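Student: Okay, here's the prediction I keep looking at, along with the sequence it came from:
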Amino acid sequence: MACSEFTTRFGHQWLATRFPDSTTTFKVMAPTQRPSLVLQPSVNTTTVVTTTTTTTTYAPIQLPTLPTPSSPKDPKNYPLLHANLPQSLRRFPLVFPGGARATFRDGGEGEEQMQEEEEAVGGDGWRMLRRDEEPEDAKVIGLAEAVERYGRKRSHAGENMMEGVESTEFDANTPPPRKKARAAPVPPINTVNAAAPPSPLPSPHGSPPPETIWPSAPPSGASSPQPQPPLQPDLALTTLLTLPSLLSHFNSLPPPLQSHFLLTLLRHSPLPVLRTLHSVLTPTLARDFLTLLPPELVSHVLSFLPYSTLARASRVSKSWRAIIDSDPVLWRDLLKNTKIWFGGDSERAFAHSIYARRRREYLDIPNSLPLPHPYKILFKSRHLTRTRWVDNEEPKHFSFAAHGHSVVTCLIFSHGRIISASDDHSIHVYSPITGEQLMSLDGHEGGVWALAASNDILVSGSTDRTVRIWDLSTGRCTHVFGGHTSTVRCLAIVKPEWLDIKGESGVISREKWPKKPLIVTGSRDHSLRVWALPRPGDAEYRCCGADDADADPADEDVEENPYHKLHLEGHDHAVRALAARGRMLVSGSYDCTVRIWDIITGDCKWVLVGHTQKVYSVVLDPTRNQACSGSMDSTVRVWNLQTGQCQHTLTGHSSLVGLLGLSPSYLVSAAADSTLRIWDPDTGELRNTLAAHTGAITCFQHDEFKVLSGSDGTLKMWNVRDGTVVRDLLTGITGVWQVVFEGRWCVAASNRNDSTVLDVWDFGNDEDEDWVGEPPGGMYDDDTEEEEEEVDVDQADVDAMDQDLEAIPSESETVDDSPDRGDGNSERTGFSDNESMDRDEGVEASIWAPSTSTSRPTASHHNRHRVVLAGEPTKRGSGAIPSSDLPRARPLPLNDETPTRPRVRTAGNRRR
């Protein structure tokens, strides 16, 4: 007989039934996800004349759906209603009397899993196609015609078929019946059960069994035994069928009786059942207290945890991480409890730097989690700094040659770059990771003795008497400033920062000074100059003699330089050191004096007299409103900037104090007597003396945890808190020129076998990529160009944070600390960002305002005021000199100590 195929489309699901020589496919609408029983296919073998094996596969038995709780007003009262049940409760086997097996399947199984299981539902006589599977080249006929044709096939087969879809395997030698049976008429089709293999069970609702759609079997010569039912219902099946009614009764019971009933069931449940229930109840009934409690209580609870526990807790969930990482009070208290909180100023500066960096780097980057508070980043940074530098016994270390045989005069670490300058006229930029030389900045015609960097801008000063501005992104020299008549020995970049300015009425306001970044240079020509720091995109400028070897930069007419702001004169000898913050500039000179300047107006506020020999080093402490100076007279003096008096004279060194360093808690001095001394900057008390070198200290740097010092062929690390030696980083070398560190990096320039070598150490591990270091002096240059032109929006964030973290001032304190002071100050004082910094209008409200008098001078580019506030009690030799006692200017003396002789510029030798 030719093979024929029949395809019946009904609903949206296909059922394929294969007969001996024909195939019929039905597509049935998928039922709503309900609990069901999947019966194991039954195999029935009968022998009359021939042996017939019948395998019947049944469609899943749909169990009644459980009712939901009656109108739950608060879903929180039914936490298990939508709980995810374990797989062992969503699908498990059942064995019925007689050995029939079935699988209970919960209706909540995923759609994808249901589709994967559909292929297993089928047998030799039929197969359920998947929802996404369509029969190819199938003829679509009606269901009635398919059943009629099926009846004809049964009449040829001559075998009884029980209700259901079945597959019969015939013996190949079985002859066809002698008389063709006539197919019975097709009864009315019941669309409920006609789309799938019928269930062997009656309706669970007690409805009469549906009329079968299959024709009766034709008569045969011998009767065959009736097939046995696939299963015998038992208590398990009865329970599944009556579960909705039981649940309805349970819902109608009062809560106490419900509890009693459930407890009674649990008391009679074996341990495996109780364990299964526990696995469901525990995660469902658990409550995340951190997300439910008020933030104040959450912060208080977390404050009892050590940082190691907090680190683990932040990995519990996203919500916990967001709560822990963004709590400033928590991390501030942790910083204080671990004794790595240093007063608040350095912490706020770090926070401002992080906010500025985020605006620049993460503005358009989506993030599923809130960024951590800067105090959390600061805690991690300081914790790593305190532990890694001591615990990491073998940090990554490599060295490479640099600058040939020349002396390294300057060494800085800025934005992942090592920048070194030498007396061979060159400036080199290296990678700290590979040691590769990234660029060489050539242009100076003399040794480079001063360097400062801000972002991609580098400023250098040289013995060729010029100041050069370099673009580190391209390596080009964009500006050359002339005007100094001798070596530019020291310089600094002054960035805008918020200051507490006390007005005449006693009201303290917050102002941002300077309005634009500035450069301050000190020279051996006895003077200092203030320049505007060029920004990327500004017009380039090259002074007289910058490109002409025959021209002299000292002949430059600074009035033609738009970047030149002030010329500060008053020192009688070379300016050896300077430090600047905000509006304040401190300069130390070989004339044995220290001067305090206002770099906005050019006024000299104080002339600090007390040292008996040359001043070699100065540091500025704006937090305590004081400055410190080191001299060849072996002393360190601490000056009060409010009164101009010497507060402390620190003695103990026996030789030149050539180096000073200041951190929030420590003042460190290094001298030619081979020792370093650690002082308390508040009281002037000596805390520790570091005496392990045998020669003059040539370089050092320190922070709140350690001191690195170089001398006589060794580079040592000290514990700044107890003064003990931690380790020797370098030994057996000729000398150490410079040392600098930041975060995980440490760089030293030394001399070995008459060659200059740079050594690089990395104290971090692979997981310390987010270790953010604090720069020396606490000065950050992460501000963007937009911040220099508008109010710092992060000031509002930090000020608001400070209001929460710090005690509220009493009513008697009139402190105006509003975060929206930026442009408002300019409006009130008449000093806007776009106005020239030379104007002295609007500065009267600050302590830097010049004394009011009828003969008040006007600041200019050549302001040579040496005004000292009158009326202050001073003492010659230990304090400030009044303006009436200031000596008159005299011709510049010859100075054999300077590489180039100072030149007195006259109008006749100017070259344009």
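Tutor: Alright, I've got the coordinates. Numbering: from 1, shown residues only.
Student: rest of the way, CA atoms for contacts and neighbours
Tutor: Will do.
Student: And the pLDDT at Val408?
Tutor: Residue-level confidence at Val408 comes out at 95, pLDDT.
Student: ok, now the one 3 residues further on?
Tutor: The predicted local distance difference test score for Leu411 is 96.
Student: ok, now which ones touch it?
Tutor: Residues counted as contacts of Leu411 (C-alpha atoms under 8 Å, 6 or more residues apart in numbering) are Ile418, Ile419, Ser420, Ala421, Leu451, Gln738, Val739, Val740, Ala749.
Student: quick one: low-confidence parts of the protein?
Tutor: Where the chain drops to pLDDT under 70, the residues are 1-33, 68-73, 108-231, 362-368, 549-550, 782-912.
Student: at 80 what do you get?
Tutor: For the chain, the stretches with pLDDT under 80 are 1-48, 53-61, 65-85, 98-99, 107-233, 360-369, 502-504, 544-556, 777-779, 781-912.
Student: tell me which residues of stretch 703-711 are tucked away?
Tutor: Across stretch 703-711, burial judged by 16 or more other C-alpha atoms under 10 Å covers Asp703, Glu704, Phe705, Lys706, Val707, Leu708, Ser709, Gly710, Ser711.
Student: List phi and psi for Gln258.
Tutor: According to degrees, to the nearest 10, the main-chain angles of Gln258 amount to phi -60, psi -40.
Student: Would you check which pair of the contacts of Leu411 lies furthest apart?
Tutor: Spatial extent of those (C-alpha to C-alpha) is set by the pair Leu451 and Ala749 at 15.2 Å.
Student: Which segments of this structure make up each domain?
Tutor: The record, using the TED database to delimit domains, assigns the chain the ranges 295-391, 443-609.
Student: Using CSV, lay out these together with distance to Leu89.
Tutor: Converted to CSV, those look like this (distance: least, C-alpha to C-alpha, whole Å):
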stretch, distance to Leu89
domain 295-391, 27
domain 443-609, 62
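Student: Among those domains, pick out the one with the most neighbours on average.
Tutor: Ranked by average neighbour count under the criterion mean count of other C-alpha atoms under 10 Å, those are headed by domain 443-609 at a mean of 21.
Student: Show residues contacting stretch 299-309.
Tutor: Under the criterion C-alpha under 8 Å, 6+ apart, external residues in contact with stretch 299-309 comprise Leu310, Asp327, Val329, Leu330, Asp333, Leu334.
Student: Make a markdown table out of the residues you listed and add distance to His249 and secondary structure.
Tutor: What follows is the contacts of stretch 299-309, written out as a markdown table (distance: C-alpha to C-alpha, whole Å; DSSP: H, G, I helix; E, B strand; the rest coil):
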| residue | distance to His249 | secondary structure |
| --- | --- | --- |
| Leu310 | 49 | helix |
| Asp327 | 50 | coil |
| Val329 | 54 | helix |
| Leu330 | 52 | helix |
| Asp333 | 57 | helix |
| Leu334 | 57 | helix |
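Student: Quick check: of these, which lies closest to Val408?
Tutor: Leu334 (40.9 Å).
Student: which ones are touching the closest one?
Tutor: Under the criterion of C-alpha under 8 Å, 6+ apart, the contact list for Leu334 reads Ser303, Tyr307, Phe379.
Student: Now for Cys592: which residues touch it?
Tutor: When contacts are counted by C-alpha under 8 Å, 6+ apart, Cys592 touches Val609, Gly610, His611, Thr612, Gln613, Lys614, Val615, Ser631.
Student: So which of those residues sit within strands?
Tutor: Secondary structure of these is defined by DSSP state E; positions in strands are Val609, Val615, Ser631.
Student: Pull up the gap between His403 and Arg90, please.
Tutor: Noted for His403: a distance of 75 Å to Arg90, by C-alpha to C-alpha, to the nearest Å.
Student: More neighbours: which of the two?
Tutor: Ranked by neighbour count (other C-alpha atoms under 10 Å), His403 and Arg90 place His403 first, with 20 against 15.
Student: For the residue nearest to that one when sequence neighbours are not counted, grab the count of nearby residues.
Tutor: Distance criterion C-alpha to C-alpha, 6 or more residues apart in numbering; nearest residue to His403, sequence neighbours excluded, is Thr756 at 6.3 Å. Taking other C-alpha under 10 Å as the criterion, the count of residues near Thr756 is 22.
Student: which residues sit against stretch 310-325?
Tutor: Contact partners of stretch 310-325, identified using C-alpha under 8 Å, 6+ apart, comprise Leu290, Thr291, Leu302, Leu330, Leu369, Pro370, Leu371, Pro372, His373, Lys376.
Student: Those residues in helices, which ones?
Tutor: Using DSSP state H to define helices, the subset of the contacts of stretch 310-325 located there is Leu290, Thr291, Leu302, Leu330, Lys376.
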